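Visitor: The following block contains a protein sequence and its predicted model.
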Amino acid sequence: MAERRHGKVAGGEGTRAVLAEMFHTAAGIAPTSTVRMARRLPPLLALRAFDIFARQGTVRAAADELAVSHTVVSRHIQNLEQSVGVKLVAKSGRGLSLTREGIRFAAQLRRAFDLIADASNELRNGGMEAVHICCLAGLASRRLLARLPELEEALAGREVILQPTSTRPDFSREEADAEIMYLEDGSVAEGLRSEMFARPRILAIASPEFKARYPDVRSPADLVGLPLIHEQSTGMWEAWLEEAGVADQPRLRGPRLWQAHLTIEAARLGRGVALVSDLLVADPLANGELVEMVDSNVTIGGYYFIAPAQKWNTPVISAIRQWLRAIFPPEATHNV
């Protein structure tokens, strides 16, 4: 029932013509006329079933994704072969595999469906759908939250979802529209773009009371024997000490708290020395809640804005980038 209903909606001449145009564009075929393209277009359900089979690799997996029987998928593929007049699959063991023509057609079809997905996303971005931004918890709470109304105004009142997280979103599954992350070199996956908007100093901070207990600590090398507070691993401390000129390092120990705002709180409570971006502790340093244990000028990586490359210059993504530049002007954040 659902499949027939879907076919009735998707099988209209208007939708067929749009898909035909996109398919011919992706495939590099010069269009003739809208009417002729609509007539030559294979059944949409068959195209969809073949695309899913090509991605999943088996008829059964494609049937599971479509929520139909495997015989329905097989029939769709047979109908598609009859429509295009080319053998797209062949028997391989107990299953089916793509022929050479099938591989080429599947790649072109994927591009056509990607064009449709992009067009749909543009329509959604043109409406009032929420903008989903994943961000490090410490930066979100200490620097971005107070300036959020400025972004909402720039986005013409569109709702903003600012999700504090240390987990990287999967852009291919549309888990987020953009991401704000701390990276050492700015490398991102294929299909994404990154832009560093701040290169902070990384400070070794502690409570005044903690520092008073160690009056002989004057250099980065003196910190090695103190209680150290880590985020996810000892890696940041190891990199910081190396940048500070401490070559001979023992095995580092200490609690791992996973979030910068937790390490800041632990340092404030006198539990040890934490490494923190200077962007996150400007206020507690100014009011004396925290102090730098030693003088240093260490930078490791920076804060990056990350988004899909195909959306990089859309009004929404451009507005977020401009908002970040206003919050973190280069002269104030060691950006280069």
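Guide: Received it, and whenever you're ready, just let me know what you need.
Visitor: measure Gly57 to Leu96 for me?
Guide: The gap separating Gly57 from Leu96 is 9 Å, by CB to CB, to the nearest Å. Heads up, the C-betas are built off the backbone N, CA and C, glycines and all.
Visitor: Neighbour count for these two, which is higher?
Guide: In terms of neighbours (other CB atoms under 10 Å), Leu96 is the more surrounded of Gly57 and Leu96; the figures are 19 against 13.
Visitor: Am I right that that one sits in a helix?
Guide: No: read with DSSP: H, G, I helix; E, B strand; the rest coil, Leu96 is strand and lies in no helix.
Visitor: Distance-wise, check it relative to Val89.
Guide: From Leu96 across to Val89, the span is 4 Å (CB to CB).
Visitor: ok, now Ala49?
Guide: The spacing between Ala49 and Val89, counted by CB to CB, is 11 Å.
Visitor: The single longest helix found in the chain packs against which elements?
Guide: For the chain, the helix reaching the highest residue count under DSSP state H is reported as helix 100-126. The criterion is 3 or more CB pairs under 8 Å, 6 or more residues apart in numbering; DSSP states H and E, and the helices and strands that helix 100-126 contacts are helix 13-27, helix 44-56.
Visitor: Which of the ones you listed comes out lowest on mean pLDDT?
Guide: Per-segment mean pLDDT for these reaches its minimum on helix 13-27, at a mean of 47.
Visitor: How is this structure partitioned into domains?
Guide: Each domain of the chain is listed here as a residue range: 2-125, 127-199+301-333, 202-292, per automatic domain parsing.
Visitor: So for stretch 143-160, first residue to last residue, what's the gap.
Guide: For stretch 143-160, the first-to-last residue distance is 16 Å (CA to CA, to the nearest Å).
Visitor: What is the distance between it and the centre of its chain?
Guide: Centroid separation for stretch 143-160 versus its chain: 20 Å, with CA atoms, centre = their mean, to the nearest Å.
Visitor: Just the buried residues of it, please?
Guide: Burial within stretch 143-160, assessed by neighbour count using 16 or more other CB atoms under 10 Å, is assigned to 143-144, 151, 154-155, 158, 160.
Visitor: now Gln322, what's its secondary structure?
Guide: Following three-state DSSP, we place Gln322 in the helix state.
Visitor: give the contact list for it.
Guide: When contacts are counted by CB atoms under 8 Å, 6 or more residues apart in numbering, Gln322 is found next to Ala154.
Visitor: Mind pulling the model confidence for it?
Guide: Gln322 is given a pLDDT of 94.
Visitor: Could you do the one 4 residues further on as well?
Guide: In this model, Ala326 is scored at 92, pLDDT.
Visitor: I am finished for the moment; much appreciated.
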